[in-house]
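S.K.: here are the coordinates; sequence isn't available:
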C-alpha cells in the first residue's frame, strides 16, 4: 500500500463529524461509520456517501480505521475490533498512548490539536496534526493523509503527545480562565468587557513573533511592589482571585528577579 | 476653550515617545517637553518641532499638560508644577487616582490601555483611551482629543480605572505566563513551540465573539478526572507547574461543576 484511499470511522462525535466530511472532500472514500447514536450516524454517513457499520467485531475493509471516541472508551473499542482487520488502526486522542490499541494491529495515532465546536467550521489548513505509528512506512501513510488537510504535520511519540496535551491546558484552558476572571472584574465594576480585547489580541500576536517569556510586562515583571500591594488590597482576602493573583505574581516575579 | 490645540509633555519615556508624535501628526502643537534624560528629550522635541522645558516650576502655556512619568513620580511632579498653570493637567496611569494631581489644577486622566514597546509602532486607532476629569467640559475636551487618535474612548472614574488595570494583569500578564509555562513544557519535551499557536489564536479570537466563560473546554471543565490525574502525575510534586495546575484546575472545576 502506498497511500490511504479509504477510511472507516468509529464514533459519531465532534471529531468524526468534522474529520469525515473533510477527508471525503479530498477524495478519500469513507467506507463505513459506526456510532452509538444511530440518528447522528445516519446523518453523517449520508453526508459522506458512506455505509453504516453495524458490528465492529466484523472485519472492516478500509486502509485506515479511525477510532474517534472518548479517551476512556478507546481501549475497549480497539479491543472489540476483529483481529482480521488489515488496515492501520489509529485513535485521535492527545492524552491516550498508542499502546491503548492492541499490538495485534498495525496501530498509530492521528491527533488533530484543535478545540472542536459542533457548529463551527474548522480551517483545517492550520490545524496541527500529531502523528505516531510503529514504523516509517505507516508514518508516511498517515503523513500523506494528514497533509491533504493541513500544512502543519508533526511526528510525536506518546510521551511527547501527553506533554503537548498538558501544555495545551496551560495555553488554552488556563489562559482562558485568566480571560474569564478578567471579564468578571470588569463586569463587577461596570466596565465594558470589550475594552481589553485589543490588548488580548496584541498579547496573542506577540507570541507568534517571539517567546512568551520575552514579552512579559506588568507590575510583577517590573518588580513594582507598590502596584502589587494596591492590587492585593483591591482584591481583598480569602478569595480565588487573590489566591491566583498571589501565586502567579510570585511566579512572574521569580522568573524576572529570581 | 472649545478644543485642545496645544500640549506640553512631562516625561520622555515610552508613553511620551509614542504620544507626542501621534498628536503632532494630527495637527496639535507640542509646546514643550520636559524629561530627566536630555538626549532623549532633545531627540523627541526635534521630531515634534517642540521646545524643551527646562524648569517645570515655571508657568507652562499649553491647553493640556500630560504628565507621562512613572506611577510613583506622578504626585511629586504634579506638585512641582506652577500653580499659575491654566491648562488641564492629566496623568496617563492606569493605577494612580486622579487626585494624585493637586486640586488647585483643572485635572484629569488620559490612560491609553496598551503595552508600549519602544521599538514598535502603535496602531492608535484601536487603543482604548480611558478618560477622567472633574467636569463635563474638561471630559469633552479630552474626549475630542483622544478621538483624534482612537475610536475606542471610554470614561472611567479612578476606582474603575484601578480595577481595569487589575483586570488587565489577569488578561495580559497572567495569560502570558500561561503561554510561557506552556512553551517551557513543550521545550522540555523537544516539541516545536509553534505547534500551539493556532490554538492560542483561536482562543483569543473566540473571546471577541463571546464571553470567555462560554468557551472554556478541557479536562477540568469536562470533569475528566482520569486526564487530570494523568496530568498531575506527569507534572510531579512540589513545583510551580503543579501548584498552578492544581489551583486553576480546581477553579475551572468549581465554575463548571460547583
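M.R.: Cool, the structure landed. All values reported here derive from a predicted model rather than from experimental measurement.

S.K.: Find the residue ranges of the stretch 51-200 of chain A scoring beneath the pLDDT cut-off.
M.R.: A:115-119 (pLDDT under 70).

S.K.: Can you show me the helices along it?
M.R.: Per DSSP state H, counting those that start in this stretch, the stretch 51-200 of chain A carries helices over the ranges A:71-80, A:136-149, A:158-168, A:175-188, A:197-209.

S.K.: who touches the last one?
M.R.: Applying C-beta atoms under 8 Å, 6 or more residues apart in numbering or on different chains, the contact partners of helix A:197-209 are A:179, A:215, B:113-115, B:126-128, B:152, B:168, B:171-172, B:175-176, B:179, B:197, B:200-201, B:203-204, B:207-208. All C-beta spots, glycine's among them, are computed from the backbone N, C-alpha and C.

S.K.: Report the buried residues of it.
M.R.: For helix A:197-209, the buried set under the neighbour-count rule, 16 or more other C-beta atoms under 10 Å in any protein chain shown, comprises A:197, A:198, A:199, A:200, A:201, A:202, A:203, A:204, A:206, A:207.

S.K.: Tabulate the residues you listed in CSV, adding columns for distance to residue B:63.
M.R.: Listed next are the buried residues of helix A:197-209 as CSV, based on distance: C-beta to C-beta, whole Å:
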residue, distance to residue B:63
A:197, 31
A:198, 28
A:199, 29
A:200, 34
A:201, 33
A:202, 31
A:203, 35
A:204, 38
A:206, 35
A:207, 40
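
S.K.: Spatially central residue for chain A, please.
M.R.: The geometric centre of chain A, computed from its C-alpha atoms, lies nearest to residue A:113 (C-alpha atoms, centre = their mean), at 3.2 Å.

S.K.: ok, and the closest non-adjacent residue to it?
M.R.: residue A:128 (4.4 Å; C-beta to C-beta, 6 or more residues apart in numbering or on different chains).

S.K.: Against chain B, how distant is the residue of chain A most remote from its centre?
M.R.: Largest separation from the mean C-alpha position in chain A: residue A:226, at 40.4 Å (C-alpha atoms, centre = their mean). Separation of residue A:226 from chain B (C-beta to the nearest C-beta, to the nearest Å): 6 Å.

S.K.: Surely that residue and residue B:71 touch.
M.R.: Yes: taking contacts as C-beta atoms under 8 Å, residue A:226 lies within contact range of residue B:71: 6.9 Å.

S.K.: Tell me the residues of the stretch 1-150 of chain A that contact chain B?
M.R.: Counting by C-beta under 8 Å from any C-beta of the partner chain, the residues of the stretch 1-150 of chain A close to chain B are A:71, A:72, A:95, A:113, A:114, A:115, A:126, A:127, A:128, A:130.

S.K.: nearest to residue A:220, of those?
M.R.: Set against residue A:220, the nearest of the residues of the stretch 1-150 of chain A next to chain B by C-beta to C-beta is residue A:115 (28.8 Å).

S.K.: quick one on the thing from earlier: need the contact list for the residue nearest to the centre of chain A.
M.R.: A:94, A:127, A:128, A:129, A:130, A:164, A:168, B:195, B:196, B:198, B:199.

S.K.: For chain A, which segments count as strands?
M.R.: Applying DSSP state E to chain A gives strands spanning A:6-10, A:29-34, A:51-52, A:64-67, A:88-91, A:107-112, A:129-133, A:153-155.

S.K.: Check the offset of the first one from the chain's centre.
M.R.: Going by C-alpha atoms, centre = their mean, to the nearest Å, the spacing between the C-alpha centre of strand A:6-10 and its chain's C-alpha centre is 20 Å.

S.K.: So which residues make contact with that strand?
M.R.: Strand A:6-10 is contacted by residues A:16, A:19-20, A:23, A:28-35, A:53, A:56, A:60-69, A:77, A:87 when judged by C-beta under 8 Å, 6+ apart.

S.K.: Tell me the buried residues in it?
M.R.: Applying 16+ other C-beta under 10 Å to strand A:6-10 flags A:6, A:7, A:8, A:9, A:10 as buried.

S.K.: what angle do that strand and strand A:29-34 make?
M.R.: Angle, strand A:6-10 to strand A:29-34, by axes from the mean of the first three to the mean of the last three C-alpha atoms, to 10 degrees: 10 degrees.

S.K.: what about strand A:6-10, average pLDDT?
M.R.: Averaging pLDDT along strand A:6-10 gives 98.

S.K.: Partner strands of it and their direction?
M.R.: Here strand A:6-10 has these sheet partners by DSSP bridges: strand A:29-34 (parallel), strand A:64-67 (parallel).

S.K.: the inter-axis angle of that strand versus helix A:136-149?
M.R.: Here the directions of strand A:6-10 and helix A:136-149 differ by 90 degrees (the same axes, to 10 degrees).

S.K.: Got phi/psi on the residue nearest to the centre of chain A?
M.R.: phi -90, psi 90 (degrees, to the nearest 10).

S.K.: Check residue A:236 too.
M.R.: As for residue A:236, its main-chain torsions (degrees, to the nearest 10) stand at phi 80, psi -180.

S.K.: To what extent is it buried, counted in neighbours?
M.R.: 9 (other C-beta atoms under 10 Å in any protein chain shown).

S.K.: who are the neighbours in contact with it?
M.R.: For residue A:236, the contacting residues are residue A:242, by C-beta under 8 Å, 6+ apart.

S.K.: any idea how far residue B:166 is from it?
M.R.: Here the criterion is C-beta to C-beta, to the nearest Å. By it, residue A:236 lies 12 Å from residue B:166.

S.K.: ok, residue A:90 touching residue A:62?
M.R.: No: using C-beta under 8 Å, residue A:90 makes no contact with residue A:62, being 11.6 Å away.

S.K.: Which one of the two is surrounded by more residues?
M.R.: Neighbours per residue, other C-beta under 10 Å: of residue A:90 and residue A:62, the larger number sits with residue A:90, 28 against 24.

S.K.: Contact partners for the more buried one?
M.R.: Residues near residue A:90 by C-beta under 8 Å, 6+ apart: A:64, A:65, A:66, A:67, A:101, A:107, A:108, A:109, A:110, A:133, A:142.

S.K.: what's across from it in the sheet?
M.R.: For residue A:90, the beta-bridge partners are residue A:66, residue A:108 (DSSP bridges).

S.K.: Show me which of the buried residues of strand A:6-10 is closest to chain B.
M.R.: Nearest to chain B among the buried residues of strand A:6-10, counting by C-beta to the nearest C-beta, is residue A:10 at 19.9 Å.

S.K.: Nearest to residue A:249, out of the strands paired with strand A:6-10?
M.R.: For residue A:249, the closest of the strands paired with strand A:6-10 is strand A:64-67, at 43.5 Å, according to C-beta to C-beta.

S.K.: Residues contacting the closest one, please?
M.R.: Contact with strand A:64-67 is made by A:4, A:6-11, A:16, A:19, A:74, A:77-78, A:81, A:85, A:87-92, A:101, A:110, A:141-142, A:145, as judged by C-beta under 8 Å, 6+ apart.

S.K.: So among those, which ones count as buried?
M.R.: Among these, those buried by neighbour count (16+ other C-beta under 10 Å) are A:4, A:6-11, A:16, A:19, A:74, A:77-78, A:81, A:85, A:87-92, A:101, A:110, A:141-142, A:145.
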